[in-house]
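Participant: Build me a model from this:
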Amino acid sequence: MAQAIPGKQKWWSGGKSPYNMEYGKVMMWFFLLSDAFTFGAFLISYGTVRFSSDSWPDPNHVFHSFPFMGDANLPLAFVSLMTFILIMSSVTMVLAVHEGHRMNKKGVIKWLSFTIIGGLFFLGSQAWEWTHLYHVGAWWGSNPFNNIDHTLANPNFTNFFFTITGFHGLHVTTGVILLIIALIMTLNGNFDRKGHYLMIEKIGLYWHFVDLVWVFVFLCFYLI
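Facilitator: Got it, this is the predicted structure:
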């Protein structure tokens, strides 16, 4: 029977993979890969229906409102602001992970806080957009917007929009909750006692994935 070499740690012990990668990080990558397939299926389905239709609603006509500005006609301005804030939250997440590598508790707290604020702003903005669309008659099974060629539109547009953006919003909500938990743990000194901020890095992977998915959602619904 083969015997372990003295001084060598077995790959399956201590939460390490055969390639010396932390087990939790590997599992996060597996989860993100499976989630990418789910979002991919949604977006491919949307694209198939979108480009098999003779006409489709004009995003500049659908998404032209801005909070507290009455009847202002600002096509895509609000969703562009939402997107910018979410992308900037990825930058602050990178900085939080960087400070974690340096074992700088104050830096982690600062940049995690900014990331949480960015996530909450995005969720609040999405809630406002959904509420506005609902008030003008848009919902699952209901599409008040005409096609770009002025023909009557079917509800496929709104069905896909609310399903996909809602699914993404659920992911952002989960991410914000994880960030808040991580912030509380940082404030309590949990990571300093462990000697690493690896949890921050794993949450960062999830947060970057959520931001990347939004880029594709933004492209499909708001630009095409």
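Participant: Residue 101 and residue 198 touch, don't they?
Facilitator: No: Residue 101 lies out of contact with residue 198 (C-beta atoms under 8 Å); the separation is 9.8 Å. All C-beta atoms are positioned from the backbone trio N, CA, C, and that covers glycine.
Participant: which one of those two has more residues nearby?
Facilitator: Remark: of residue 101 and residue 198, residue 198 carries more neighbours, 17 against 13, as counted by other C-beta atoms under 10 Å.
Participant: Quick check: closest non-adjacent residue to the more buried one.
Facilitator: Nearest residue to residue 198, sequence neighbours excluded (C-beta to C-beta, 6 or more residues apart in numbering): residue 22, at 6.2 Å.
Participant: so what's the one you found scoring on pLDDT?
Facilitator: Residue 22 is assigned 76 on the pLDDT scale.
Participant: what's the answer for residue 11, then?
Facilitator: 41.
Participant: likewise the one 5 residues further on?
Facilitator: Confidence per residue is given as pLDDT, and for residue 16 that number is 50.
Participant: still on that earlier bit, for burial, what's the neighbour tally of the residue nearest to residue 198?
Facilitator: So residue 22, with other C-beta under 10 Å, has 16 neighbours.
Participant: how near is residue 119 to residue 69?
Facilitator: To residue 69, residue 119 is 24 Å away according to C-beta to C-beta, to the nearest Å.
Participant: my bad, residue 141
Facilitator: 29 Å.
Participant: give the contact list for residue 111.
Facilitator: When contacts are counted by C-beta atoms under 8 Å, 6 or more residues apart in numbering, residue 111 touches 92-93, 95-96, 99.
Participant: Can you pick out the ones from these that are in helices?
Facilitator: Judged by DSSP state H, these include 92-93, 95-96, 99 as members of helices.
Participant: Now pLDDT, distance to residue 54 and neighbour count too, for those, in a markdown table please.
Facilitator: Below are these laid out as a markdown table (pLDDT from 0 to 100; distance: C-beta to C-beta, whole Å; neighbours: other C-beta atoms under 10 Å):
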| residue | pLDDT | distance to residue 54 | neighbour count |
| --- | --- | --- | --- |
| 92 | 97 | 44 | 20 |
| 93 | 97 | 42 | 28 |
| 95 | 97 | 48 | 18 |
| 96 | 97 | 48 | 29 |
| 99 | 96 | 53 | 21 |
